[in-house]
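Asker: here is the input, now give the coordinates:
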Amino acid sequence: MMQNFFGNLGGPWANPTYGSGFMAGAGLLFFILVIWSVVWKGLALWKAAHEESKPWFVALLIINTVGILEILYLYVFSKKSSGENVPKP
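Answerer: Reported below is the predicted structural model:
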């Protein structure tokens, strides 16, 4: 009896595919965010390992900020490369 009542009411519970477009969009957005985060995390971890910065490497490895911390590390906190491979005295 309750099923007939809700089915006749015509709400979202009456249509099992209600919101499936939203879920597909949310899944695509999630996939794009994962790819975005993995790319930036990989670049930042590579640079932190290359500079032998263990605290930054561990922080970047553990903290997930969808690329924000990684971008800040790459452009603000890491050492600027001079483009030359000259050993330091």
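
Asker: surely residue 74 touches residue 43?
Answerer: Yes. With contact defined as Cβ atoms under 8 Å, residue 74 reaches residue 43; the gap is 6.2 Å. Just so you know, the C-beta spots here come from the backbone N, C-alpha and C atoms, and that holds for glycine as well.

Asker: number of nearby residues for residue 40?
Answerer: Number of residues near residue 40 (other Cβ atoms under 10 Å) recorded here: 20.

Asker: check which helix or strand covers it.
Answerer: helix 20-50 (DSSP states H and E).

Asker: quick check: buried residues in that helix?
Answerer: Neighbour counts using 16 or more other Cβ atoms under 10 Å place 37, 40-41, 43-45, 47-48 of helix 20-50 among the buried residues.

Asker: report all helices and strands that that helix contacts.
Answerer: Judged by 3 or more Cβ pairs under 8 Å, 6 or more residues apart in numbering; DSSP states H and E, the packing partners of helix 20-50 are helix 54-62, helix 68-72.

Asker: same list (the buried residues of helix 20-50) but as JSON lines, adding distance to residue 55 and pLDDT.
Answerer: Formatted as JSON lines, the buried residues of helix 20-50 follow (distance: Cβ to Cβ, whole Å; pLDDT from 0 to 100):
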{"residue": "37", "distance to residue 55": "20", "pLDDT": "93"}
{"residue": "40", "distance to residue 55": "18", "pLDDT": "95"}
{"residue": "41", "distance to residue 55": "16", "pLDDT": "95"}
{"residue": "43", "distance to residue 55": "18", "pLDDT": "95"}
{"residue": "44", "distance to residue 55": "13", "pLDDT": "96"}
{"residue": "45", "distance to residue 55": "13", "pLDDT": "95"}
{"residue": "47", "distance to residue 55": "14", "pLDDT": "95"}
{"residue": "48", "distance to residue 55": "9", "pLDDT": "95"}
